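1. Kindly return the folded structure for what I paste below:
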Amino acid sequence: MMIKTIKATTEVERQAAFAIRKEVFVEEQGVPLADEFDQYDQANDNGADHILVYIDEAPVGTGRLRVVEGMAKLERICILKSQRKHGIGRVIISALEQLSMDKGLSKAKLHGQKQAEGFYQKLGYYTASDVFMEDGIEHVLMMKELS
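-> Reported below is the predicted structural model:
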């Protein structure tokens, strides 16, 4: 099993990332399609950086990075259901953190789903809020100092 991570820069790569998000968030978790995609998904200077993780040439996971208030905001992190438990989540977070540090950012935050809170804690994030609802799913704000 060969795992590789790329920054999704071509339209084909971006569409592969969007297809994974649609399958996980919209079809599996019931997030409204209109809420899943936003202005930061456009290919422009205001857009987010997207990454794509492949297993043996097949795209299986994605995430995006925005700079918000001088800090990295990790967003839209997801993995196809059939490909979970291969450590892909850790690969996505690591790639987004590296991209953040390459941009000179020293802090990261994310809105983690409550059910994934333990996963993010294992990667060095701490919970910085009470539970809040986002798209009908319980989330918590999580933060980390990048080094």
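2. what are the ranges of the helices in the chain?
-> Assignment of helices within the chain using DSSP state H yields the ranges 11-21, 33-36, 88-102, 117-122.
3. nearest residue to Lys7 other than its sequence neighbours?
-> Ile51 (5.7 Å; Cβ to Cβ, 6 or more residues apart in numbering). Backbone N, C-alpha and C define where each C-beta goes, glycine included.
4. That neighbour: neighbour count?
-> Applying other Cβ atoms under 10 Å, we find 23 other residues in the vicinity of Ile51.
5. Likewise for Val131?
-> Neighbour count for Val131, taken as other Cβ under 10 Å: 11.
6. dump the residue contacts of it.
-> Taking Cβ atoms under 8 Å, 6 or more residues apart in numbering as the contact definition, Val131 lies against Lys114, Glu138, His139, Val140.
7. ok, so of those, who is nearest Ala8?
-> His139 (24.1 Å; Cβ to Cβ).
8. Ala95 contacts Ile51, doesn't it?
-> Yes: the pair Ala95 / Ile51 is scored as a contact, 5.0 Å apart, by Cβ atoms under 8 Å.
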